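> Here you go, sequence then predicted model.
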Amino acid sequence: MCYHISLTKKDETIRKRFEIPQSDLNVYTPFYHRNGFEQEAIYIIKDSQPVHFASAYWGMLPESYNINQRGTFLKKSNTLNARAEGLLESPLFHKPIKNNRCLIIADGFFEPHAFNGKNYPHYITYKDNSIMGIAGIYTALDEHVFTVSLITTLANDYFKKIHNKKNTLGEYRMPLVLDESDELDWLDTNLKIEQVNKLLSSFTNKEFESYPVSKEVMNAHVNSNYAHILNKVDYPELHTLF
């Protein structure tokens with residue numbers, strides 16, 4: 001599961017990376033930590049407008065819902081994440097994976113590392129600290145209100161060492177970070193199902209780095225959207241560094 005991301009980059013960096021118009025960035029406010037259960041926006045690029053930038057609510061709602069029902073819906077059905085396996089069979093996700101794909105824009109994400117019965121949040125980013133496009137699906141509740149789920153996949157060996165506790169299905173998971181060369185394909189509205197499935201089995205070729213950060217990341221009662229939440233924290237009890 002992945003419920004925590006960052007996007008700290010300046011407008012110009014995002015504009016150049018995705019070749020989007022400057023006017024789109026009027027909706028953009030950088031953040032150091034976004035908890036998916038919060039009300040604040042995350043940012044996406046939709047398949048229907050692949051050179052435009054939009055804000056979205058994290059946690060996909062059915063199209064028949066309105067945004068005021070988000071809190072109640074997420075308590076009943078946690079849609080912050082969507083498992084890559086079985087998307088086409090899901091009553092909620094089968095239509096969006098065919099017709100409403102998006103990139104979730106981030107420059108890092110946070111995952112818990114379990115050690116001696118306690119969790120130690122780790123921040124994961126590219127070694128060059130560049131922007132990543134995470135595979136997502138979305139619904140449009142109206143012309144300007146979008147809700148989104150972040151797609152996760154089975155973890156590779158690197159991520160198994162970080163998020164080292166299995167979920168209720170006995171799996172290790174990681175966000176489906178697309179390789180930059182696959183991003184436009186993911187947004188292609190003419191993509192065939194076999195091509196979608198191929199991308200759902202893909203992953204970025206770039207190298208990551210990770211390190212432990214403050215436990216305030218996992219504390220819902222603390223506003224942890226501040227610059228030094230990304231600073232490395234030395235926990236003497238941790239003997240393994242990534």
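Everything's here; your move.

> Name the nearest residue to Glu111, ignoring sequence neighbours.
Closest residue in space to Glu111, ignoring its immediate chain neighbours: His163 at 4.1 Å, by C-beta to C-beta, 6 or more residues apart in numbering. C-beta: built from backbone N, CA, C; applies to glycine.

> wait, what's in contact with the one you found?
His163 is in contact with 111-113, 155, 172-174, counting by C-beta atoms under 8 Å, 6 or more residues apart in numbering.

> and the residue positioned nearest the centre of the chain, what does it touch?
Nearest residue to the geometric centre of the chain (C-alpha atoms, centre = their mean): Leu150, 4.8 Å. The contact partners of Leu150, taken as C-beta under 8 Å, 6+ apart, are 2, 36, 58, 80-82, 104, 134-136, 175-176.

> Repeat that for Val145.
57, 67.

> buried sites along stretch 139-150?
139-141, 146-150 (16 or more other C-beta atoms under 10 Å).

> Would you work out how far apart the start and end of it are?
Terminal residues of stretch 139-150 are spaced 12 Å apart (C-alpha to C-alpha, to the nearest Å).

> do the same with stretch 196-205
The first residue of stretch 196-205 is 18 Å away from its last residue (C-alpha to C-alpha).

> quick one on the thing from earlier: now neighbour count and distance to Leu88 too, for the contacts of Leu150, in TSV please.
Below are the contacts of Leu150 laid out as TSV (neighbours: other C-beta atoms under 10 Å; distance: C-beta to C-beta, whole Å):
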residue	neighbour count	distance to Leu88
Cys2	23	21
Gly36	22	24
Trp58	27	22
Leu80	19	20
Asn81	21	16
Ala82	23	11
Ile104	29	20
Ile134	23	19
Ala135	28	14
Gly136	29	16
Pro175	25	19
Leu176	27	15
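
> Quick check: of the residues you listed, which lies closest to Asn225?
Gly36 (13.0 Å; C-beta to C-beta).

> Can you list phi and psi of the closest one for me?
For Gly36, the backbone dihedrals (degrees, to the nearest 10) come out as phi -60, psi -20.

> rewinding a little: now the contacts of Leu150 as JSON lines including pLDDT and distance to Leu199?
Below are those laid out as JSON lines (pLDDT from 0 to 100; distance: C-beta to C-beta, whole Å):
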{"residue": "Cys2", "pLDDT": "93", "distance to Leu199": "18"}
{"residue": "Gly36", "pLDDT": "96", "distance to Leu199": "23"}
{"residue": "Trp58", "pLDDT": "98", "distance to Leu199": "21"}
{"residue": "Leu80", "pLDDT": "98", "distance to Leu199": "21"}
{"residue": "Asn81", "pLDDT": "98", "distance to Leu199": "17"}
{"residue": "Ala82", "pLDDT": "98", "distance to Leu199": "14"}
{"residue": "Ile104", "pLDDT": "98", "distance to Leu199": "14"}
{"residue": "Ile134", "pLDDT": "98", "distance to Leu199": "12"}
{"residue": "Ala135", "pLDDT": "98", "distance to Leu199": "7"}
{"residue": "Gly136", "pLDDT": "98", "distance to Leu199": "12"}
{"residue": "Pro175", "pLDDT": "98", "distance to Leu199": "14"}
{"residue": "Leu176", "pLDDT": "98", "distance to Leu199": "8"}
